[in-house]
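Undergrad: using only what follows, build the 3D model:
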Amino acid sequence: MAFAGNVQAQPNADTKGTVTFFGKVVENTCKVKMENRNMSVVLNDVGKAHLSQKGNTAMPTPFTITLGSCNANIANSGNKPKATKVGVYFYSWKNTDDKNDFTLKNIHQDNNDKADNVNIQLFKDNGTDAIEVVGKETEDFVHKNDANNQSVITKNHISGATELNGKTGDIALHYIAKYYSTGNDVTAGKVQSSVDFQIAYE
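TA: Purely as a prediction, here's the structure:
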């Protein structure tokens, strides 16, 4: 008599794979200044005519994230890796709009006075280089199946990377926020969004 056991089919090459992760921990670090850990940035009111076409931006509004306790001069670290640049990494699993240039969705809760088809877009301090906020659909951290079948980092999403160059003390990182039109039929109303950030190094 044959008995059916707990037999599992062995996976073949078409049904399995491997993910290899790479990273590095560096000796020198900074801290986010206390007053910048929970910030509010208010964009001035703007007429919807400025956002009449998809991709239009308006009302550039500067904001600054200040890092403190930075120390690029780490003594007795030997050959351990040290960062040469510091910046921040903007991310939001909930608010990132991957269908609209990785901008930030309008999450104002009351639909009765919410502006439709308006997001918030972040830029580097020159006001022209857009920042892609990392979301759950972001896929450009690795290059899949390169020529040597290796996973190679292609983009690190570090914004405002600033040379440390032996700097100590505070480092100010400057950014700009703008309204961003996601369509041709923007309506008047309130706009609100949020993004998280983390100090990152190169």
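Undergrad: sketch out the strands for this protein, chain order is fine.
TA: 31-32, 57-71, 85-91, 96-97, 103-104, 118-124, 130-131, 142-143, 152-153, 159-163, 168-181, 196-201 (DSSP state E).
Undergrad: for the fifth one, give me every contacting residue.
TA: The contact list for strand 103-104, computed with Cβ atoms under 8 Å, 6 or more residues apart in numbering, reads 92, 95-97, 119-122, 133, 180, 182, 193-195. For every residue, glycine as well, the C-beta is placed using N, CA and C.
Undergrad: try 6 Å
TA: Applying Cβ atoms under 6 Å, 6 or more residues apart in numbering, the set of residues contacting strand 103-104 from outside is 95, 97, 119-121, 180, 193, 195.
Undergrad: let me know the closest of those residues to residue 86.
TA: residue 195 (18.4 Å; Cβ to Cβ).
Undergrad: next up, phi/psi of the closest one, please.
TA: phi -150, psi 150 (degrees, to the nearest 10).
Undergrad: need the contact list for it.
TA: Neighbouring residues of residue 195 by Cβ under 6 Å, 6+ apart: 90, 92, 104, 133.
Undergrad: please repeat the previous calculation with a cut-off of 10 Å.
TA: By Cβ atoms under 10 Å, 6 or more residues apart in numbering, the contact set of residue 195 is 90-92, 94-96, 104, 120, 122, 131, 133-135, 177.
Undergrad: now do residue 199
TA: Neighbour list for residue 199: 29-32, 65, 67, 70, 83, 86-89, 158, 173 [criterion: Cβ under 10 Å, 6+ apart].
Undergrad: now with 8 Å, please.
TA: Contacts were defined as Cβ under 8 Å, 6+ apart; by that measure residue 199 touches 29-32, 67, 86-89.
Undergrad: many thanks, have a good one.
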